[in-house]
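*Asks:* no FASTA, just this:
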């Protein structure tokens, strides 16, 4: 493999000795070129954005963003991923997000080489990871308590309690929270499934409302109903949306 | 030994219980002109017989009535014992009557000996009663014993549970530490060796200290500092530690490793989630006849709502409960980006009655 074919790698781990170990192991593989070392998820998203690496060697437990959240934010930009963690409980999830391999700390140089061999094979085939499938399998089923939004290389973490409502815009959603709008590549139905059912109601094909923000429901002409939020924003309510809203409000 | 001898009051009650029986015999056998003779003869005789009746205990023990061994199995032996006792009673009556006659007290109980079969029958009957009494006694003792056993074993189970939970050293801590050792082996061999020694010391502490054991706050702090030194190798400058206590507080005893899960929470759910890290503060002092311990750490507002820190808190609460009953205080609260645990336990002078 020539120098131009080198596989670019970034290492993400909040523990400096752990990064050092991967650096040391990588040094034995001439075709691997370490382009960045990151100590947390934010740095990882930035570095991935800047370097567009072929391979990420990613810790799971990190401050701010865990390894899975980093992948979620990177979407299809993440190509090959090798997870490294002391926890064996994430193996299934790692498999679901099409990780190349899953290394349990502490791991040997031989085991690490095996993972790299798998990565080379995977990258050579360069099969695109199905984006839709990725997004849908990145969660492990539990309701989320915060939204992660990437805007270029910056990451916003929004507690779901801060969200007023979400509006669908084709393949994107616009999230209104704390007086700001955030755009995210996700469908509204997908987000609806992730949010806790008690707090958010799909009042319209295009709108997902945080119940806590609802001030009143007004009747407009032609029997259409309108949700008025605490900040006076008005959102349309569809017939089926009204039924869902009633069901939640009536307990 | 006969269980009735374990308690003087029980023995007295047992003997007294024979007095009404004696009175019945006096009335049954006595005549209007010789109540005195009947009383002098039967009352002591009955009490003496009561003592003889205690032997029924051993017969009952030898032939217990249980689910497998029904009463008919014990019946022949018990009948033999009763008949022997009946024979004894006639013999004792004869000896006692001779003694009374020789004392010249103007009582002549000899006439009762004219009805030996009646005396024999009364003897058999009374021994039968004694047998029934002893079966009841054995059954009640057995019930008490099994009740105590259940109580004892539930206490043991509880303590064992606590021990198991406490000894359940977080394996991920170990794996991560070993990974650090593995990394340092080539880059900094001296640091790797230092880490091995720290780990060995800490592991030895957790194995050595039993859950029922109490150690001084000073010793507990030494264990915590060893644990934190290991975490510092992993987290580097992100983790700093402040650990202090007043001289008196450092001498006070607390259940061993009580604070360890709390400090682990402070690192794993507090410091490790912060990009900039922070300081874990541990303080101990004596205040108003109580030992007061605080553990504080900064938190990250954006961290995912924690999984798993509740287990450690519950364990600490249970151990406090087991050691101090109701006389402890445990508070855990988070405000303004800081997590704080407060523990108050009574000083020894205040422990009277526990």
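*Replies:* Nice, thanks for sending it over. The shown structure was predicted, so the numbers you read here are calculated from the model rather than taken from an experiment.
*Asks:* What is the longest helix seen in chain B packed up against?
*Replies:* The longest helix of chain B (DSSP state H) is helix B:116-167. Judged by 3 or more Cβ pairs under 8 Å, 6 or more residues apart in numbering or on different chains; DSSP states H and E, the packing partners of helix B:116-167 are helix B:35-53, helix B:56-62, helix B:71-102, helix B:309-324. C-beta here means a position set from N, CA and C on the backbone, and glycine is covered the same way.
*Asks:* just the strands in the stretch 51-200 of chain A please.
*Replies:* A:55-59, A:80-85, A:101-104, A:146-151, A:154-159, A:163-169, A:172-177, A:180-185, A:200-204 (DSSP state E, counting those that start in this stretch).
*Asks:* quick one, which of those strands is nearest to residue A:122?
*Replies:* With Cβ to Cβ as the measure, strand A:80-85 is the member of these nearest residue A:122 (5.6 Å).
*Asks:* How about the closest one and chain B, touching?
*Replies:* No. Figure legend: strand A:80-85 not in contact with chain B (Cβ under 8 Å from any Cβ of the partner chain); closest approach 8.5 Å.
*Asks:* now that strand: how far from the chain's centre is it?
*Replies:* With Cα atoms, centre = their mean, to the nearest Å as the basis, strand A:80-85 stands 15 Å off its chain's centre.
*Asks:* tally of neighbours for residue 221?
*Replies:* Reading this off chain A. 5 (other Cβ atoms under 10 Å in any protein chain shown).
*Asks:* Actually, chain B is the one I wanted.
*Replies:* What residue B:221 shows, counting by other Cβ under 10 Å, is a neighbour count of 21.
*Asks:* Quick one: the strands of the stretch 51-200 of chain A as a markdown table, columns for mean neighbour count too.
*Replies:* Output for the strands of the stretch 51-200 of chain A, formatted as a markdown table (neighbours: other Cβ atoms under 10 Å in any protein chain shown):
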| stretch | mean neighbour count |
| --- | --- |
| strand A:55-59 | 28 |
| strand A:80-85 | 25 |
| strand A:101-104 | 19 |
| strand A:146-151 | 18 |
| strand A:154-159 | 16 |
| strand A:163-169 | 20 |
| strand A:172-177 | 19 |
| strand A:180-185 | 14 |
| strand A:200-204 | 23 |
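*Asks:* and chain B, which of its residues are near chain A?
*Replies:* B:171-172, B:175-176, B:178-184, B:186-187, B:233-236, B:272-275, B:300, B:302-305.
*Asks:* Just the buried subset of these, written out for PyMOL, thanks.
*Replies:* Per 16 or more other Cβ atoms under 10 Å in any protein chain shown, the buried members of those correspond to this PyMOL selection:
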select buried, chain B and resi 172+175+176+178+179+180+181+182+183+184+233+234+235+272+273+274+300+302+303
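*Asks:* In contact with residue A:248: list those residues for me.
*Replies:* By Cβ atoms under 8 Å, 6 or more residues apart in numbering or on different chains, the contact set of residue A:248 is A:198, A:201, A:211.
*Asks:* Please tell me I have it right and the second one contacts residue A:242.
*Replies:* No. Counting by Cβ atoms under 8 Å, residue A:201 sits too far from residue A:242 to count as a contact (9.8 Å).
*Asks:* How about the residues of the stretch 151-251 of chain A by chain B?
*Replies:* Taking Cβ under 8 Å from any Cβ as the contact definition, the stretch 151-251 of chain A meets chain B at A:157, A:159.
*Asks:* What sits closest to the residue of the stretch 151-251 of chain A found nearest chain B if chain neighbours are left out?
*Replies:* Chain B sits closest to residue A:157 of the stretch 151-251 of chain A, with a gap of 4.6 Å, by Cβ to the nearest Cβ. Distance criterion Cβ to Cβ, 6 or more residues apart in numbering or on different chains; nearest residue to residue A:157, sequence neighbours excluded, is residue B:302 at 4.6 Å.
*Asks:* how would you label that neighbour: helix, strand or coil?
*Replies:* coil (DSSP: H, G, I helix; E, B strand; the rest coil).
*Asks:* Run through the residues that contact it.
*Replies:* Applying Cβ under 8 Å, 6+ apart, we find residue B:302 in contact with A:64, A:146, A:157, A:159.
*Asks:* if I look at residue A:108, how far off is chain B?
*Replies:* Noted for residue A:108: a distance of 8 Å to chain B, by Cβ to the nearest Cβ, to the nearest Å.
*Asks:* which ones are touching that residue?
*Replies:* Taking Cβ under 8 Å, 6+ apart, one finds nothing in contact with residue A:108.
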